[in-house]
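Enquirer: the sequence isn't on hand, but the structure is:
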C-alpha cells in the first residue's frame, strides 16, 4: 500500500511535472491569500495584509524546494536540472569546454581503443558452442625459451585416442601451413589446415552448406575433398550456390568441394580445411596440436590426471625420457592468447596512466575555474541550495564534460583501433579478427567516462562549495584575480 | 495569553494527521485547526507545513483532492487514509507512553531514588 502510493506519487510527479508545479503554486498562493483575507478582516489594509502574509509564511522558494524533495522525485528532476544548467555553463565558456573535452577525448579514446583490442583478443568468447569445454592436449617438453607450441606426437595421439575417457572427441590439426590455390581467379597462396575427421564435430561447428568430413575420408584415395571458409567462398567463388561437388585445385591437386563453413569460422587461422589421417611413420614423427571437447561433468583436473597417467604408462621411444612428455591440459583460448596477454595488459596499464594524467589536467582546469566561481556558489548556498546540491551541480558539469569527451573518444578509438590493427605485427597477435567496437566496448567507455567525470570533478567541487563559499561572500563586490589551488 | 511555544522536533507530522483525522482540510485549514485546538499556544512554521504535507502524502498516510473552499475558491483538501489512521494511533500511543515516562522522571523526588 505504502509502496504503491509512493510509486504512484513518484510516477505522477515524473509524468506531470509541470502540473505538479502549477498545483504547488496554486496551493501556496491559496494559503497566502486566505491568510491575507483573514488579516484584512481584522482591519489590516489589503496591500499590507498580503505583505504580512508573505513575511509570515517565510521563504516560499525554499518551501517549494522542500516540497519537491518530500515528493521523492527530486533526484531525477534535479539531475535533469543540473545537466541543463551544466550545459548552459559549458556553452558560456566554449574555450574552456573545448580544451577539457579534447584532453579527455584523447585519454578516453586511447583507453577505449586498447580496451577494444583487449576485449577482442582476451575477453570475447571464442565463436564455438560451449567453447569453455574445449582444451588442448599437450605431451611435449613444455616451456623453454622458444615459442612453445603445445602438441602431441602422432604415436601418442593414436594411443591416447584409444584410451581416453575424459573427452568426447580429440582432433588433431595442423597450424600455419599455406597452399597454392589455382584455377579460381589469380593464383593465390592461402592459409590451409589439415585436420582429422573429428575436427568439426569436436568444435561443434558444422559447415553451413554441405557437410564435414566423414570417418575414413582422411585415408589416401578418399582424401581429395575440401571444405572452404565462407570468406574464401565469397571472395574467390562469388558465393557460387552450386559449388558443392565442383573441383578446385590446391597445390596442383584436384579436390572436390564438400562444404562451406559459417561466416567468421577460420580456426586455426585457415581458409581451407583438408582431411588428415594420422599414421605411424617409421621415419618421421610429427607433433601436432590436439584439441579435445571434455565430456559434460568432467573437470579439466580429471582430464589432467588422466593424461598424466597416460604419459606414465606410454612406452618411451628411442632417445626419449619422461621429461619429454609433460602432460598439460590447456584451455583452447590460451593457445591463441598466451604469448600476447602480458604485453597487452601492460599496454592497457600504460594508457590508463595517460587517462589519469588527462584527469589531473582537467581537474586543474576546473580548480582554476572554481576559484572564480566562489561567489556564485556562496550566493546560491545563501539562497537555500544545500552543500550536497552544489557538489552535485558541479559533478554534473564535470560528468557532462567527460561524457562529451567519451563520445569524442569513441570516434578517436574508431581510428585508433584501425591504427593498432595495422600496426600489429602480422601473425603475432591472435584473434585480431575479433577486434571491433561492440556493445561491451561502448559500455566500458560509458562507465569510464562517468568515473572519469566524478574523479576529476570531486576535488574541484568540494573546493568550490566548501572553502570557496566561506571566503567569497565577504568579497562579493571585489573580483577574484587568480586562484592558486592546484593538485 | 501565554507566549506560543515552538513545536517539538518530530511532532508536526502527528499534529497534521490528527488535524485531518477530524475532517478533510486544506493546508491553511490545518494550520488554523491546530492553532484553534491548541488555543493558540502552539506555533507552526508555515513554511514547514507544506513539505510535511507532501511528505505525508508521499508516504501514503494522507491523500489529497481539489475542492472548493468556504470562500468559493479552488483549494487542495487533505484526508486521512486507512494507513494514516493506523499510523496516527501508534504515534499517539508512543507519544503518550513517552510523555508518561518523562513526566514520571521529572516528578521523582530524592526519596524515590
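Expert: Nice, I can see it. In this text, all values refer to a predicted model and were calculated from it rather than measured experimentally.
Enquirer: give me the neighbour count for the nearest residue to residue B:21 once chain neighbours are set aside.
Expert: Of all residues not flanking residue B:21 in the chain, residue B:80 sits nearest, at 4.8 Å (Cβ to Cβ, 6 or more residues apart in numbering or on different chains). For the C-beta atoms, the positions are set from N, CA and C on the backbone; glycine is no exception. When neighbours are counted by other Cβ atoms under 10 Å in any protein chain shown, residue B:80 registers 23.
Enquirer: what does residue A:194 give?
Expert: So residue A:194, with other Cβ under 10 Å, has 21 neighbours.
Enquirer: mind checking the SS state of it?
Expert: Classification of residue A:194 by DSSP: H, G, I helix; E, B strand; the rest coil places it in strand.
Enquirer: does it touch residue A:175 like I think?
Expert: No. Between residue A:194 and residue A:175 there is no contact under Cβ atoms under 8 Å: 9.7 Å.
Enquirer: show the end-to-end separation of stretch A:233-251, please.
Expert: 18 Å (Cα to Cα, to the nearest Å).
Enquirer: is the lengthiest helix in chain B positioned near chain A?
Expert: The longest helix of chain B (DSSP state H) is helix B:82-107. Yes. Looking at helix B:82-107 against chain A by Cβ under 8 Å from any Cβ of the partner chain, the contacts come from residue B:83.
Enquirer: state the mean pLDDT of that helix.
Expert: The predicted model gives helix B:82-107 an average pLDDT of 92.
Enquirer: mind jotting down where the strands sit in chain B?
Expert: Using DSSP state E, the strands of chain B run over B:5-6, B:25-26, B:42-43, B:62-68, B:74-80.
Enquirer: still on that earlier bit, now for the longest helix of chain B, which elements pack on it?
Expert: If you count contacts as 3 or more Cβ pairs under 8 Å, 6 or more residues apart in numbering or on different chains; DSSP states H and E, helix B:82-107 packs onto helix B:12-21.
Enquirer: now do 10 Å
Expert: Other helices and strands packing on helix B:82-107, by 3 or more Cβ pairs under 10 Å, 6 or more residues apart in numbering or on different chains; DSSP states H and E, are helix A:2-15, helix B:12-21, helix B:46-59, strand B:62-68, strand B:74-80.
Enquirer: quick one: buried residues of that helix?
Expert: B:83, B:84, B:87, B:88, B:91 (16 or more other Cβ atoms under 10 Å in any protein chain shown).
Enquirer: will you turn those residues into TSV that also has distance to residue A:270?
Expert: Output for the buried residues of helix B:82-107, formatted as TSV (distance: Cβ to Cβ, whole Å):
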residue	distance to residue A:270
B:83	70
B:84	74
B:87	74
B:88	79
B:91	77
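Enquirer: biggest separation within these, which pair?
Expert: The widest separation within the buried residues of helix B:82-107, taken as Cβ to Cβ, falls between B:83 and B:91 and amounts to 12.2 Å.
Enquirer: anything in contact with each of these two?
Expert: Residues touching both residue B:83 and residue B:91 by Cβ atoms under 10 Å, 6 or more residues apart in numbering or on different chains: residue B:61.
Enquirer: show me the beta-bridge partners of the residue nearest to residue B:21.
Expert: residue B:62 (DSSP bridges).
Enquirer: in terms of contact, does it touch residue B:20 like I think?
Expert: Yes. Shown here, residue B:80 and residue B:20 form a contact pair, counting by Cβ atoms under 10 Å, at 5.2 Å.
Enquirer: overlap in contacts, the two.
Expert: Taking Cβ under 10 Å, 6+ apart as the criterion, residue B:80 and residue B:20 both touch B:56, B:61, B:62, B:63, B:88.
Enquirer: show me which pair in these is furthest apart.
Expert: By the measure Cβ to Cβ, B:63 and B:88 form the most distant pair in those, at 14.3 Å.
Enquirer: which element, helix or strand, includes the residue nearest to residue A:54 when sequence neighbours are not counted?
Expert: Leaving aside its chain neighbours, residue A:54 sits nearest to residue A:32 (6.1 Å; criterion: Cβ to Cβ, 6+ apart). According to DSSP states H and E, residue A:32 maps onto helix A:17-41.
Enquirer: just residue A:226 next, same as before
Expert: Using DSSP H and E, residue A:226 sits in strand A:225-228.
Enquirer: out of the helices and strands in chain B, which is least certain?
Expert: Using mean pLDDT, DSSP states H and E, strand B:5-6 stands out as the lowest-scoring helix or strand of chain B, at a mean of 74.
Enquirer: what of chain A?
Expert: Scanning chain A with mean pLDDT, DSSP H and E, the lowest is helix A:469-472, at a mean of 51.
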